[in-house]
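> just need the structure, nothing else, for what follows:
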Amino acid sequence: MSFVMAPAFTVEPRYYYNLNKRINKARSITGNSGNFISLKTTFHPDWFLISNEDNVNVVSDISFVPTWGIRRTIGMHFCYEAGFGIGYRRYLQSDGYYGDKDYVAVNLHLRIGYKF
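Numbers count the residues shown, from 1 in each chain. Okay, the predicted model is just below:
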């Protein structure tokens with residue numbers, strides 16, 4: 001069985017747009033409970049790889065995905081989050097397969113977290 005680990009750098013600034021509405025309806029905003037929009041930006045460099053195979057390469061890419069999502073707190077410690085977005089991905093080098101083309105990037109996530 002083969003495996004490859006490569007670095008990925010992600011920045012996702014968020015704007016929680018309904019916090020005042022939640023406060024006016026006496027709903028909690030603890031732990032950033034609310035709806036948000038974000039711009040998820042991810043860069044996969046080809047700086048180094050960790051693999052059990054030799055001569056493995058990763059094609060660098062960058063993606064920009066506008067995302068809409070919700071985040072809610074359950075009790076004192078648990079939270080959940082769901083989000084969806086469609087955006088843009090660009091491969092930064094040509095390897096004969098991907099080429100210098102633009103692609104659609106999708107961000108779909110469901111997360112459960114625990115706050116200490």
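> so where's the protein shaky on pLDDT?
For the chain, the stretches with pLDDT under 70 are 94-100.
> point to the residue nearest the middle of it.
Nearest to the geometric centre of the chain sits residue 40, at 5.4 Å (Cα atoms, centre = their mean).
> and it, what does it touch?
10, 11, 12, 63, 64, 65, 66, 67, 85, 87, 107 (Cβ atoms under 8 Å, 6 or more residues apart in numbering). Yep, even glycine has a C-beta here, placed from its N, CA and C like the rest.
> go with 10 Å
Residue 40 makes contact with 10-14, 63-67, 69, 83, 85, 87, 105, 107, 109, according to Cβ atoms under 10 Å, 6 or more residues apart in numbering.
> and for residue 71, the neighbour number?
Residue 71 has 20 neighbouring residues, counting by other Cβ atoms under 10 Å.
> CA-only coordinates of the helix or strand that contains it, as CSV, when you get a sec.
Secondary structure from DSSP states H and E places residue 71 in strand 61-74. The C-alpha coordinates for strand 61-74 follow below in CSV (Å, rounded to 0.1, in the frame of the first residue of the first chain):
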residue,chain,number,x,y,z
ASP,A,61,-1.9,24.2,-7.3
ILE,A,62,-3.8,27.1,-5.7
SER,A,63,-7.6,27.4,-5.2
PHE,A,64,-10.0,30.1,-4.2
VAL,A,65,-13.4,29.0,-3.1
PRO,A,66,-16.2,31.3,-1.8
THR,A,67,-18.1,29.4,0.8
TRP,A,68,-21.4,29.8,2.7
GLY,A,69,-21.8,27.9,6.0
ILE,A,70,-23.3,27.7,9.4
ARG,A,71,-21.8,27.1,12.8
ARG,A,72,-23.7,26.2,16.0
THR,A,73,-22.7,25.3,19.5
ILE,A,74,-24.3,22.3,21.3
